[in-house]
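**Student:** Need coordinates for the below:
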Amino acid sequence: VKWMMYWIIFALFTTAETFTDIFLCWFPFYYELKIAFVAWLLSPYTKGSSLLYRKFVHPTLSSKEKEIDDCLVQAKDRSYDALVHFGKRGLNVAATAAVMAASKGQGALSERLRSFSMQDLTTIRGDGAPAPSGPPPPGSSRASSKHGQPKMSRSASESAGSSGSRSRRQPGREDR
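**Tutor:** As a prediction, the model looks like this:
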């Protein structure tokens, strides 16, 4: 209780000090008097904070207790209403952002796929072959059409190049 009284009085002093510093800082020994006042508040012999609390703060708080309680109830109700209001707005903003991101993402994905498919068609046309009317056959790939020669599998290249020799050939390499 002693420390509660001290901190309440000290908070009031700090609040008042903010305004009095502007007008009284020119007064001689002003800062020394402030230090002496804080020492008086803290001293267990003088019990300054207890004296000020019991003489001024407690009677004021007791006489205004009903008004303070009403203000706290109103603040609680308003804060709940504000929380619900801003919560709804936040959820609406988040839902709108999610829908926009999904729709833009869907468009970007389809655009990306479309650009890939157009790029494949232009690569095939660039080789001199007529553009296919449908999708490419399952075994064909862009890399094999790029070089114009079909890739050989590892077992096929080994069997074609080994013909009884012990040397191992690396897959994909061909004699030039």
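**Student:** any idea of the mean pLDDT for stretch 101-115?
**Tutor:** For stretch 101-115, mean pLDDT is 67.
**Student:** Number the chain from 19, please
**Tutor:** Okay, using 19 as the starting number, the last item reads as stretch 119-133.
**Student:** which residues are in contact with the helix or strand where Asp39 lies?
**Tutor:** If you go by DSSP states H and E, Asp39 is part of helix 20-42. Contact partners of helix 20-42, identified using C-beta atoms under 8 Å, 6 or more residues apart in numbering, comprise 48, 52, 55-56, 59-60, 66-68, 70-72, 75. (Each C-beta comes from the backbone N, C-alpha and C, glycine too.)
**Student:** After that helix, which helix or strand is next? Please name it.
**Tutor:** With elements assigned by DSSP H and E, the helix or strand that comes after helix 20-42 is helix 48-60.
**Student:** just to revisit the earlier point, just the angle between the helix holding Asp39 and helix 48-60, please?
**Tutor:** For helix 20-42 against helix 48-60, the angle by axes from the mean of the first three to the mean of the last three C-alpha atoms, to 10 degrees is 170 degrees.
**Student:** Tell me which stretches of the chain form helices.
**Tutor:** With helices called from DSSP state H, the chain shows them at 20-42, 48-60, 66-70, 76-81, 83-144, 160-165, 172-180.
**Student:** what would these look like in CSV with mean neighbour count?
**Tutor:** Formatted as CSV, the helices of the chain follow (neighbours: other C-beta atoms under 10 Å):
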stretch, mean neighbour count
helix 20-42, 13
helix 48-60, 13
helix 66-70, 18
helix 76-81, 10
helix 83-144, 10
helix 160-165, 12
helix 172-180, 13
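**Student:** All good on my end, thank you.
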